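> Structure for this input, please:
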Amino acid sequence: MNPTTATIIVGMLVAAGIALVFTLLRNTYVCAPSEVLIFSGRRWKLPDGRVIGFRCVRGGRAIRLPLVEVVDRMQLTNMAIELAVQSAYSKGGVPLQVVAVANIKIPSEEPLLHNALERFLGCTREQIIFVAKDTLEGNLRGVIAELTPEEINQKKDMFQQKLIDEAHRDMQRLGLVLDNLQIQSISDEVGYLNSVGRVRGAQVRKNARIGEVRAQASALVQKATNGMEAEISKIEADLQVARKENERRIVEATTQREAMIAEARGQVLAQVAEAKAQLLAWDARIEQTRRKLEADVVAPAQAEKQKLEAEAQGRAASILAQGEAAASVLLRLAEAYKASGPAARDALLLQKLTPIFDSLTSTLKDIKVARLTVLGAAGQSAGALGAAVINANEQIRAATGVDVIHGLRPKSSA
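Next up is the predicted model:
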């Protein structure tokens, strides 16, 4: 072989080796633990039978097939997102302002990594954060609308867990993983939470005051109970002493009973004898008083009684005699009235009219009557006689101008 030819061949082999090494070095990609390499351009068959147009390398190194495959890098590091929701209406219509911080990343496990590659391959981290932020804010508004302000403010753990559960599903669809989500602050524009806090504080103060009062009441009750028990113990001791004293007195009374009975019997007998003597004295005094009353009161009263009875009998005899005389006169008058006939009735009427005329004429001035004519014949009835008297009175008044019945009065005797 020609040395020149051999030299050329060696040079070509050396150049080919250098080119091969250079090509290998240029197409060899090292994957860091915090990233994933995506080789696209060829079709790859997965173990489950699916065929995809890319392959992923996580950690280590891989060689790209020149002119066939294209290599992209995607960072798996954490991405912090600040969430700020304004005027998010909670259950009950109270607008809230919620500030939270979420940590997301692109997963390194299948099939979530495929979802991320389909949606964010070639996108910057700012674009990924923008999409994730909008999604998380929508989840945050949805969870706020399902809870009351009190539940959001007082049960932050429940609110946070509910928000994580709600966002986890949407993040998986996007191919992202929500590592952590923390609620930093919750406020409202209308002061509702402050009012609730003041009410809660007032309730706590009220409960504390009630507890204090109950403790004081319990202490007072215990003190009163102790005092009562001490007083009861003292009363029981005094009662025991009183019982012993009563027992002693009963024994003493039992021993002294006979003597006291004898003494009492003697006193009673003496009082009975004295009472009997007093009864005899009272009997004698009663007899003396009875005799004195008979002499001083009864005898004069009986004499007065007899005198009054005699006088009454005399007055009764006189009244009886007068009544009998009057009855006899009336009987004779009645017999004469019956015997006289109609003339007796006229005479009786004139007798009754005389006092009436005297009463009527007693108030009139004295006048001189030259002549008095009585019209009508004797024997007329009382009604006819009255009419005749009225007729005569009218004729006299027409002739003389004097009303006899109302104006005449009898002359006074000289």
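> Which residues outside stretch 147-162 are in contact with it?
Counting contacts by Cβ atoms under 8 Å, 6 or more residues apart in numbering, the residues outside stretch 147-162 that touch it are 90-92, 94, 96, 98, 143-144, 146, 181-183, 186, 188, 192-193, 196. (Glycine included, C-beta is placed from N, CA and C.)
> Quick check: chain neighbours aside, which residue is closest to residue 140?
Counting by Cβ to Cβ, 6 or more residues apart in numbering, residue 85 is the residue found nearest to residue 140 once chain neighbours are left out, at 5.2 Å.
> hang on, the one you found packs against residue 137?
Yes. In this structure residue 85 lies within contact range of residue 137 using Cβ atoms under 8 Å: 5.7 Å.
> what about these two, which has more around it?
When residue 85 and residue 137 are compared for neighbours, residue 137 comes out ahead with 20 against 17, by other Cβ atoms under 10 Å.
> can you tell me which residues contact the more buried one?
With contacts taken as Cβ under 8 Å, 6+ apart, residue 137 has the following neighbours: 83, 85.
> Please enumerate the helices of the stretch 101-250 of the chain.
Defined through DSSP state H, counting those that start in this stretch, the helices belonging to the stretch 101-250 of the chain, from first to last, are 112-120, 125-146, 149-154, 156-174, 192-293.
> ok, back up a step: what residues does the strand or helix carrying the residue nearest to residue 140 touch?
In this structure, residue 85 is located in strand 79-89 according to DSSP states H and E. Here strand 79-89 makes contact (Cβ under 8 Å, 6+ apart) with 95-105, 125, 128-129, 132-133, 136-137, 140-141, 144-145, 189.
> if we go to 6 Å?
Strand 79-89 is contacted from outside by 95-104, 129, 132-133, 136-137, 140-141, 144, using Cβ atoms under 6 Å, 6 or more residues apart in numbering.
> try stretch 46-62
Stretch 46-62 is contacted by residues 28-31, 33, 36-40, 43-45, 108 when judged by Cβ under 6 Å, 6+ apart.
> What mean pLDDT does that stretch get?
Stretch 46-62 carries an average pLDDT of 77.
> Distance from it to the middle of the chain?
Shown here is stretch 46-62, whose average C-alpha point lies 79 Å from the average C-alpha point of the whole chain (Cα atoms, centre = their mean, to the nearest Å).
> Next, the distance between the ends of it.
18 Å (Cα to Cα, to the nearest Å).
> Equivalent analysis for stretch 31-40, please.
Using Cα to Cα, the end-to-end distance of stretch 31-40 comes out at 15 Å.
> cool, stretch 48-68 as well?
With Cα to Cα as the measure, what separates the two termini of stretch 48-68 is 25 Å.
> Also stretch 24-43?
End-to-end distance for stretch 24-43, by Cα to Cα: 22 Å.
> shift numbering so it begins at 34
Done: numbering now begins at 34, and the last item shifts to stretch 57-76.
> Show me what that stretch is in contact with.
Here stretch 57-76 makes contact (Cβ under 6 Å, 6+ apart) with 84, 86-97, 99, 101-110.
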